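S.K.: Predicted structure and sequence below. I'll ask about it afterward.
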Amino acid sequence: MSSIPGITIDFDVNNPDLTGDGDTQNEIFIQLFNSGDGALFDLLYRDDAISNFSGEPLTGEARTAFFKEFLAPKPFLKAEITHSYVAGDVALIGVKFSVDSTGPDGAPVRIEGNCTDVLRKGEDGRWLMAVDRPVAGTLLPE
């Protein structure tokens with residue numbers, strides 16, 4: 001089970017499960033994002049998952065490399081679920097989010113927007129991210 005500082009929901013770090021419950025899923029996602037560990041965060045994604053967090057669709061090694069670089073300075077994510085629907089082995093989740101980070105020049109940056117997430121339940125019973133499509137509505141230097 002998890003022994004990562006700041007993690008309040010117990011889960012198997014080697015086989016994470018976002019669960020079909022939106023609130024639990026959101027809490028696990030936020031905590032692993034805020035951990036700053038891009039490789040660990042990437043374990044929340046199916047091998048064939050697509051993330052558009054970089055502004056372009058990434059999968060596989062490119063997605064993992066992006067998460068490692070983006071999360072290294074430990075940006076801080078806040079996220080609130082706006083809607084959640086589960087149909088069989090697929091979940092559609094809407095999220096309103098903000099990320100506080102540091103820009104390339106060292107100045108504080110806030111990214112705010114909405115995200116559409118699609119999770120799939122695998123044959124092993126674990127729910128993992130299949131599609132992660134955040135759309136930034138604002139990019140505000142502070």
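M.R.: In hand now; what should we look at? Numbers count the residues shown, from 1 in each chain.

S.K.: Am I right that D47 sits in a helix?
M.R.: No. Counting by DSSP: H, G, I helix; E, B strand; the rest coil, D47 is not found in a helix; it is strand.

S.K.: and it, what does it touch?
M.R.: Contact analysis of D47 by Cβ atoms under 8 Å, 6 or more residues apart in numbering lists G60. (Glycine included, C-beta is placed from N, CA and C.)

S.K.: A39 now?
M.R.: With Cβ under 8 Å, 6+ apart, A39 has these contacts: 64, 67-68.

S.K.: How about D23?
M.R.: Counted by Cβ under 8 Å, 6+ apart, D23 has contacts I81.

S.K.: quick one: terminal-to-terminal distance for stretch 93-113?
M.R.: With Cα to Cα, to the nearest Å as the measure, stretch 93-113 spans 14 Å from end to end.
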